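Here is my input; please provide its structure:
(4 chains)
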There are 4 protein chains.
Amino acid sequence: MVEVPIQPRMGAVLILLDERGKKYAVSNDALMSRISKLGTVEQAKLQSNVGRKVSVGGRHFLVLSASSRDLRDTMARGPQILTPKDLGAILYEADIVPGARVVEAGTGSGALTVAIARAVGPSGRVFSLDVNADALAIARGNVAHAGLLDRVQFLQADVRKGIETKEVDSVILDLVDPWAGVESAWEALRSCGHLATFSPNMEQVKETAAAIRHRPFVEMRTIELIEREMEVRDAGVRPSFAALGHTGYLTFARKVLDTF
Amino acid sequence: MVEVPIQPRMGAVLILLDERGKKYAVSNDALMSRISKLGTVEQAKLQSNVGRKVSVGGRHFLVLSASSRDLRDTMARGPQILTPKDLGAILYEADIVPGARVVEAGTGSGALTVAIARAVGPSGRVFSLDVNADALAIARGNVAHAGLLDRVQFLQADVRKGIETKEVDSVILDLVDPWAGVESAWEALRSCGHLATFSPNMEQVKETAAAIRHRPFVEMRTIELIEREMEVRDAGVRPSFAALGHTGYLTFARKVLDTF
Amino acid sequence: MVEVPIQPRMGAVLILLDERGKKYAVSNDALMSRISKLGTVEQAKLQSNVGRKVSVGGRHFLVLSASSRDLRDTMARGPQILTPKDLGAILYEADIVPGARVVEAGTGSGALTVAIARAVGPSGRVFSLDVNADALAIARGNVAHAGLLDRVQFLQADVRKGIETKEVDSVILDLVDPWAGVESAWEALRSCGHLATFSPNMEQVKETAAAIRHRPFVEMRTIELIEREMEVRDAGVRPSFAALGHTGYLTFARKVLDTF
Amino acid sequence: MVEVPIQPRMGAVLILLDERGKKYAVSNDALMSRISKLGTVEQAKLQSNVGRKVSVGGRHFLVLSASSRDLRDTMARGPQILTPKDLGAILYEADIVPGARVVEAGTGSGALTVAIARAVGPSGRVFSLDVNADALAIARGNVAHAGLLDRVQFLQADVRKGIETKEVDSVILDLVDPWAGVESAWEALRSCGHLATFSPNMEQVKETAAAIRHRPFVEMRTIELIEREMEVRDAGVRPSFAALGHTGYLTFARKVLDTF
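Numbering: from 1, shown residues only, chains lettered A, B, ... in the order given. Here you go, the predicted structure:
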């Protein structure tokens, strides 16, 4: 292993965490940051206090450097946003690693875009397609806030009609009708590239699986992840009485050029 | 977004997939690759047939470029290996991104090592600690096979007695007694760095949570992920009659320097 | 099979169901029934309209004859009440059948008492123990409302100090410290009688299992039931986005007189 | 509560339990019982040793009086049999109590028949319909073994074409096409009677729900129960690494005469 110097994390995106666990995103596009509902604060003061307690608007906060999850949790959003459990599974199963070139459609509010953009790193590329200009604008704002615009290209386009970019490593479909994007995905993927789709309903899964089976894909599988939060206290350990319900089914497959 | 040329994937680690879904790892350290139970095959022939069907030892296989999951699935292993669902959650929740410097202990058979090493990319670093020299040797073999030795340092060391490397972004503890490594983890982490632990039993979770609470950590939570595979057929869609049972609980927390 | 005449269901306990699914219990101890928040209504009118729509206080309701579940759902209650999934499992696994003699402790708000009392029928007996006189009073009210007092005996007693009744078919412990009642349960049970305990926390389960192992019991097992409600619509079938979280662990065992 | 004498359990169906937890049914139709693979043993000897250890064919067994679950576990069976978790839920949610008159279709191997027959007691009645004479014969054998023939009537009939018996309290459909029996069920049920159906696939659930919605039923809901067995040991408490997968969806509804 070659020794590398520790890189100072200049200009990290910051989060304020209050005592009850609520997080506030800090915009970092100016010397003075405006924090929703809290007022303004000097960037430099926060940047030099990562991990420490600061006072903003008369209240105490811990300053955090933003993780992928923080960015997701504080994101300006529409009605629907992928959960951490599903994001983690998509990144791992679709093999989204540094340098990868990834297509996602639709863009939605950009939660998946940000997660992918961080995972592919500065040498990777994300092509984010949506037919809805408003969604693209919201997502672009979220990606800009996360400081990841250098690697993300937003495209107002209908994935059902094809994907211009080719030889991509992964295609992620988060659409009402993912089956309609399967042909485009196969055309855009490199050989052995990964397809992932997310759908709440079983009928969507069924139709998507049928579309995948009609093309040279292997290792198709559909899973659901159920997350149980545990209450861990001296008084007793048990799963939470409140539960995260269903979010959606994840279907994965890999493009090949031949079939058996 | 800046345009980047598509990088040719030279020397990718390869996998042979048979018709029933079984995968065989292809060693890539010589012109002729020896494949366990199948015989030998010319590397160049496989490299030029990614995604295509080849014949080895009289049987047909599809040639796949190895994903993180393929590397895990074909790994020489001991009795215990983290599952994809838990690997995905650890990578996401512990914010393991390109360039990150990550400590893991214990090394085990190296499944997590490989997953982390791929996620941090060539600019990241993995420090993998284990007291067991045999485990380290197996893991080193697995990491070498995956072509990731440039970014992984193996250390025969007891994490309970401290971690020499400091200012790391994440520490992952996959030990029988993760609580005994919490102090070392706090010392080694940068401010806002992430701790993740994996434990099958609730007693381990409880003791680990107590150790975390005694130090400046925030956002501690413990979850369990349950994976349900779905059978998606024209004849009917339903969860699988066979199920993946419990694997373990995941506990996450973040180091801070102040408390409320 | 011998032919039996269909028994007219005179004096059934009745429920009013509104359009949104909310249920109201109808007290049946007088000619005029007072319904909480709705006003009064003539018993005879309701009894002759089971399954039909009636108007009460200017609103429309369907009149239902009360099931075990209706009685549970409309019960005057304290903070905690067993769920249908757990009630069903206890009745089946503890083999609570017509004619059975069953001890339960503690009484709580009487939801389990009512479920058992219905399952054992008029030839069975339920002995319900609680140290708390207030709980016993509430439960007695709920059992009286359900018309089941003929088969239930309430006892202000501490199950930890013994159970006076002997040769019972089943003992159900719904206590904070079920382990403290295991000795009493063994003494009270007939040979091959069933023990069931309910506990939210893993520590309670562990201590209870240890207490059971120290005595001649067989077939001890602990389960958790997770209920997922399904949304079944023309637009799509999926598990509910809202989920029922953890309720508790159920431990079952059977008394024997010898050990292997 | 009226005092009742404890009824001696004469002629109980018996089970032999070996040291590893395997159960053997004891036929009780003769003085000498033949036990599959074990040889013969004197009934009287077993009846006087309930809960005690006996020696049969040179091996040791504990003698158990058979519970509903024992009868199910030792049943001569076809490929498919309802699980305890689903049996418990059906009995509770369909309100199958002493004295109830219940129709089930199809009969299958009789596991549900036995569970219902025990729950309704000697004053209840079970009408079990199947088109398959072989299934009826197997089920009749299982019900006879359980000593429950006095309350069960087997009918070779197609539930899709109607149910002759009327004013029944509950109808349980365990068919490939439960939707085809919904009309018959509505006609056979008394007002406020309960319908329950069991189906592995979501398509079956969807079609059944549609059939139910087209008729005057209320409180329709579909659930799935997931059972997790817990490993409770001094060394640690955790859910089992092996899991019970999907069995089926349960749909419940109640017949009414009016609609809102």
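
and the gap between residue A:210 and residue B:237?
11 Å (C-beta to C-beta, to the nearest Å). Any C-beta I mention is one placed from the backbone N, CA and C, and that applies to glycine too.

Between those two, which is the more surrounded one?
It is residue B:237, of residue A:210 and residue B:237, that has more neighbours when counted by other C-beta atoms under 10 Å in any protein chain shown, with 23 against 14.

quick one, what contacts the more buried one?
By C-beta atoms under 8 Å, 6 or more residues apart in numbering or on different chains, the contact list for residue B:237 reads A:202, A:203, A:205, A:206, B:230, B:231, D:201, D:202, D:203.

out of those, who's near chain C?
A:202, A:203, D:202 (C-beta under 8 Å from any C-beta of the partner chain).

Any quick ChimeraX command for the buried ones out of the residues you listed?
Entered in ChimeraX, the line below selects the buried ones among these, by 16 or more other C-beta atoms under 10 Å in any protein chain shown:
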select /A:202,203 /D:202
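
Narrow the ones next to chain C among the contacts of residue B:237 to those in helices?
In helices, defined here by DSSP state H, the members of the ones next to chain C among the contacts of residue B:237 are A:202, A:203, D:202.

Quick check: closest non-adjacent residue to the second one.
By the measure of C-beta to C-beta, 6 or more residues apart in numbering or on different chains, the closest residue to residue A:203 outside its immediate chain neighbours is residue C:236, 5.3 Å from it.

What is the neighbour count of the one you found?
Using other C-beta under 10 Å, residue C:236 has 16 other residues around it.

Same check on the one 10 residues further on?
Residue crowding around residue C:246 was assessed by other C-beta under 10 Å; the count is 19.

go on, residue A:58?
Count around residue A:58 with other C-beta under 10 Å applied: 7.

same check, this time on residue A:41
21.

Which neighbours in the sheet does the helix or strand containing it have, and how are they oriented?
In this structure, residue A:41 sits in strand A:39-42 according to DSSP states H and E. Paired neighbours of strand A:39-42 in the sheet (DSSP bridges): strand A:32-35 (antiparallel).

Excluding its own residues, what touches the partner strand? List them.
Here strand A:32-35 has contacts from A:14, A:16, A:24, A:25, A:26, A:27, A:40, A:41, A:42, A:43, A:46, A:56, using C-beta under 8 Å, 6+ apart.

mind listing what's buried in it?
Using 16+ other C-beta under 10 Å as the burial criterion, the residues of strand A:32-35 that qualify are A:33, A:35.

How far off centre is that strand?
Its chain's C-alpha centre and that of strand A:32-35 lie 25 Å apart, by C-alpha atoms, centre = their mean, to the nearest Å.

I'd like the next helix or strand past the strand holding residue A:41.
Counting by DSSP H and E, what follows strand A:39-42 is helix A:43-47.

which helices and strands sit right next to the helix or strand just after that following helix?
Next along the chain after helix A:43-47, taking DSSP H and E as the criterion, comes strand A:53-56. For strand A:53-56, the packing partners by 3 or more C-beta pairs under 8 Å, 6 or more residues apart in numbering or on different chains; DSSP states H and E come out as strand A:39-42, strand A:59-65.

how about those strands in CSV, adding mean pLDDT and distance to residue C:150?
Formatted as CSV, the helices and strands packed on strand A:53-56 follow (pLDDT from 0 to 100; distance: least, C-beta to C-beta, whole Å):
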stretch, mean pLDDT, distance to residue C:150
strand A:39-42, 84, 69
strand A:59-65, 95, 62
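
Name the stretch among these that sits most buried.
Burial of the helices and strands packed on strand A:53-56 is given as mean neighbour count (mean count of other C-beta atoms under 10 Å in any protein chain shown); strand A:59-65 ranks first at a mean of 21.

who touches whichever helix or strand comes after that one?
Using DSSP H and E, the helix or strand that follows strand A:59-65 in sequence is helix A:68-73. Helix A:68-73 is touched from outside by A:13, A:15, A:23, A:25, A:64, A:81-82, A:84, A:87, A:111, A:114-115, A:118-119, A:142, A:145-146, B:92-93, B:95, B:97, with contacts defined as C-beta under 8 Å, 6+ apart.

which parts of helix A:68-73 are buried?
A:68, A:69, A:70, A:71, A:72, A:73.

going on from that helix, what's the next piece of helix or strand?
Once the chain leaves helix A:68-73, the next helix or strand it forms, by DSSP H and E, is helix A:84-93.
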